[in-house]
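In: whatever this is, show me its structure:
(one chain, ligands or ions: 1)
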Amino acid sequence: MMKPFASSADLTEKSQTLEVLADGVYALTAEGDPNVGAIEGADFLVCFEAMATPAAARTWLARLREHTDKPVRYLVLSHYHAVRVLGASAFEADVIVAHDMTRALVAERGQQDWESEYGRMPRLFEEPASIPGLTHPTATFSDRFTIDLGGDRGDLELRYCGRGHTEGDIVAWLPRQRILFAGDLVEAQAALYTGDAFHREWATGTLDRVAALDAQTLIGGRGAVVHGADVGAAISQTRDFLRVMLTEVAAVQSRGGTLKEAFEIVHTALAPRYGGWPIFEHCLPFDVSRLWDELSGVERPRIWTAERDRQVWAELQG
Ligand SMILES: [Zn+2]
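Out: Here you go, the predicted model:
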């Protein structure tokens, strides 16, 4: 029997935890659901990630408002995926910041990604009718974007570390507190979604640049906030997941095997360590499909549509 499509059967509400990581630095984690954060400037807020809908974002903002009533000047989007960006209107931010490629990806495939992600993870789309449309960044950059937090609060550095989870991921780095919001470039005990990824670059130079920041505290895309030695462990886990996939899919291709065989071999190789982590079964068909393309010479990820999602699922998880 076919497994329920993606996360369509995952309807159990996750409990959210708000942590104050340093003076004016907040993270909201949710048992493997997408994480969000906020950083206080002297007289404004920077929010990191927007959630899937304005309704979902308002629940997060209500919790944040128990700590600060400063207005949101900047909303930072780590990448273009719908569950990270479509709640943007709730923040009423002056500026929506993202990478140049994120702006291009929203224009190119934002609509298809919205429909795809809604089908894959319907629980995250609380009150889907509250989404006013696609979220288009209003300020973009290629390498680095520095926000002076004002007063004696120092800088928040937005950095591009190379292609990884998508073509345009960025991280938010507080050098003074050594706190890193890594977006989906690093997951802490959650499976990786690599359906739009550049696996070889992510596993090497991109994660090298993330690790070189030498963060003391890291908030990944999903999973708990990690501190100290656990930061390195989360980065290593992310790299290991990618390397296992790369090794196994390359081996199947070199002996003339099929995509279905590659999926089954990757599943067997990853399941003992990662099979119990959030969204593992959901992600793996899309992950192996994209890696198969990447190693076959398909430069840019093909666009996922609701229809293509179901085809790949039926072929691999069926
Ligand atoms: Zn993502």
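In: what helices or strands is the longest helix anywhere in the chain leaning on?
Out: Of all the elements of type helix in the chain, the one with the most residues (DSSP state H) is helix 229-254. Helices and strands in packing contact with helix 229-254 are listed as helix 199-201, helix 207-212, strand 217-220, helix 259-274, helix 280-295; criterion 3 or more CB pairs under 8 Å, 6 or more residues apart in numbering; DSSP states H and E. All C-beta spots, glycine's among them, are computed from the backbone N, C-alpha and C.
In: show me what the fourth one is in contact with.
Out: Under the criterion CB atoms under 8 Å, 6 or more residues apart in numbering, residues 191, 240-241, 244-245, 248-249, 251-253, 280, 284-285, 287-289, 291-292, 315-316 lie in contact with helix 259-274.
In: also near the ion: which of those residues, exactly?
Out: Among those, no residue lies close to the ion (CB under 5 Å from the ion).
In: and the buried ones among the residues you listed, selectable in PyMOL?
Out: What follows is the PyMOL syntax selecting those of the contacts of helix 259-274 that are buried according to 16 or more other CB atoms under 10 Å:
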select buried, resi 191+241+244+245+248+249+252+253+280+284+285+287+288+289+291+292+316
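In: in stretch 250-268, what's buried?
Out: Buried residues in stretch 250-268, defined by neighbour count with 16+ other CB under 10 Å: V252, Q253, L259, A262, F263, E264, I265, V266, H267.
In: can I get those residues in CSV with pLDDT and distance to L180?
Out: Shown next, in CSV, are the buried residues of stretch 250-268 (pLDDT from 0 to 100; distance: CB to CB, whole Å):
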residue, pLDDT, distance to L180
V252, 98, 35
Q253, 98, 35
L259, 98, 35
A262, 98, 33
F263, 97, 32
E264, 97, 35
I265, 98, 33
V266, 98, 28
H267, 97, 31
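In: just to revisit the earlier point, now the angle between helix 259-274 and the longest helix of the chain, please.
Out: With axes from the mean of the first three to the mean of the last three CA atoms, to 10 degrees defining the directions, helix 229-254 sits at 160 degrees from helix 259-274.
In: got a list of what the residue of the chain found nearest the ion touches?
Out: In the chain, the residue found nearest to the ion is H81; the distance is 3.6 Å by CB to the ion. Listed by CB under 8 Å, 6+ apart, the contact partners of H81 are D113, E117, T166, D184, D196.
In: please list which of the residues you listed also come close to the ion.
Out: By CB under 5 Å from the ion, the members of those lying near the ion are D184.
In: if we ignore the residues flanking it in sequence, what's nearest S296?
Out: Closest residue to S296 in three dimensions, ignoring its sequence neighbours and counting by CB to CB, 6 or more residues apart in numbering: Q253, at 7.2 Å.
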